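Enquirer: Just need the structure, nothing else, for what follows:
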Amino acid sequence: MASGRRQAWDERVRRTPIYYYSSASGLVRTFAERLDRPVYNLAEREHRLSEADGPWVLLTPSYKTGNESNDTIPEGVRRFLRSAVNRRRLVGVMGSGNRNFGRFYQMAAREVARRSGRPVLFEFELSGTPWDVQEALRIMERLDRALTAAPGMALLPE
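Expert: Okay, here's the model as predicted:
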């Protein structure tokens, strides 16, 4: 995209949906909605209780501010990941964080990735910058094409 304009989208390529958790601040929701694909808010009960119909990416914030007894992974994310189908179809994780959280910055995304064996695809602070959005778009488009070219890749073991 050297010209700065987005390339025409190939309609034969499935746009990998993003399931995200966003608090009332809406910072994560704002970022997710700029990624030009289906997005589902895990703060909403209907989405938390659903099952992904194919490969999907998790976008999660980290909220821990230093209290060791508090878990940084939002409860909505935990509930969605209780489904074996959702865990199996998860292909990657993105994280939103606040650098003020120190060593807990991006802890939720990194912990979900570690436990699931999936990669952290991208990390950004708060609601992200315009560069963050463009980079995440680029990453997601590459992922979409890879999953279309090798559909078995999406069926990773739990």
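Enquirer: Could you use CA atoms for every contact and neighbour count after this?
Expert: Fine.
Enquirer: Longest helix in this structure, please.
Expert: helix 130-149 (DSSP state H).
Enquirer: tell me the mean pLDDT over that one?
Expert: Helix 130-149 carries an average pLDDT of 95.
Enquirer: can you map out the helices along this protein?
Expert: If DSSP H is used as the criterion, the helices of the chain fall at 27-33, 45-48, 75-80, 84-89, 107-116, 130-149.
Enquirer: Compare those helices and report which one is nearest to residue 13.
Expert: Among these, helix 130-149 comes nearest to residue 13, with 6.0 Å by C-alpha to C-alpha.
Enquirer: which secondary structure elements does the closest one contact?
Expert: Under the contact criterion of 3 or more C-alpha pairs under 8 Å, 6 or more residues apart in numbering; DSSP states H and E, helix 130-149 touches strand 120-125.
Enquirer: and the angle from the strand it packs on to helix 130-149?
Expert: For strand 120-125 against helix 130-149, the angle by axes from the mean of the first three to the mean of the last three C-alpha atoms, to 10 degrees is 160 degrees.
Enquirer: by contact count, what packs against strand 120-125?
Expert: strand 90-97, helix 107-116, helix 130-149.
Enquirer: helices or strands up against the first one?
Expert: In this case it means strand 90-97. strand 56-61, helix 107-116, strand 120-125.
Enquirer: one more time with 6 Å
Expert: Applying 3 or more C-alpha pairs under 6 Å, 6 or more residues apart in numbering; DSSP states H and E, one finds that strand 90-97 contacts strand 56-61, strand 120-125.
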